[in-house]
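> sequence-free structure coming up:
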């Protein structure tokens, strides 16, 4: 990797938000021209059957020309959600006494219907770092 490629990937300013199994990374990076842009990466931890684990990452790139409209829409959407549902989390999974119920075959009770079954072919794992 040459020096220009290393500079392009250099993080100028970073913040991390840990949220349960998810971690969000906010990184200011520099373009080849020396301008700044933002990357937001969601990293989610998954545990394999053998106890080992892996992470799946999703990344978005946000450039300065989109900041104002992005912020406006994000604020509008979060305000709408809070106005409609309040700021308390409404989810079984977020309750202190939540226990996932399993069938005898080890699958979740909710996964037993045909509509909810998902196969590996129904998922697409894209790494945007390669673009």
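All right, it came through fine. The shown structure was predicted, so the numbers you read here are calculated from the model rather than taken from an experiment.

> am I right that residue 84 sits in a helix?
Yes. Assignment of residue 84 by DSSP: H, G, I helix; E, B strand; the rest coil places it within a helix.

> distance of it from residue 73?
Separation of residue 84 from residue 73 (Cβ to Cβ, to the nearest Å): 16 Å. C-beta here means a position set from N, CA and C on the backbone, and glycine is covered the same way.

> who has more neighbours, the two?
When residue 84 is set against residue 73 and neighbours are counted by other Cβ atoms under 10 Å, the residue ahead is residue 73, at 11 against 7.

> how about the secondary structure of the more buried one?
Under three-state DSSP, residue 73 comes out as helix.

> now swap in residue 79 and tell me
helix.

> try residue 15
Under three-state DSSP, residue 15 falls in the strand class.

> sec struct for the nearest residue to it once chain neighbours are set aside, please.
Nearest non-adjacent residue to residue 15, counting by Cβ to Cβ, 6 or more residues apart in numbering: residue 26, 4.6 Å away. Three-state call for residue 26 (three-state DSSP): strand.

> try residue 69
Once three-state DSSP is applied, residue 69 turns out helix.

> residue 41 reaches residue 56, doesn't it?
No. Using Cβ atoms under 8 Å, residue 41 makes no contact with residue 56, being 10.8 Å away.
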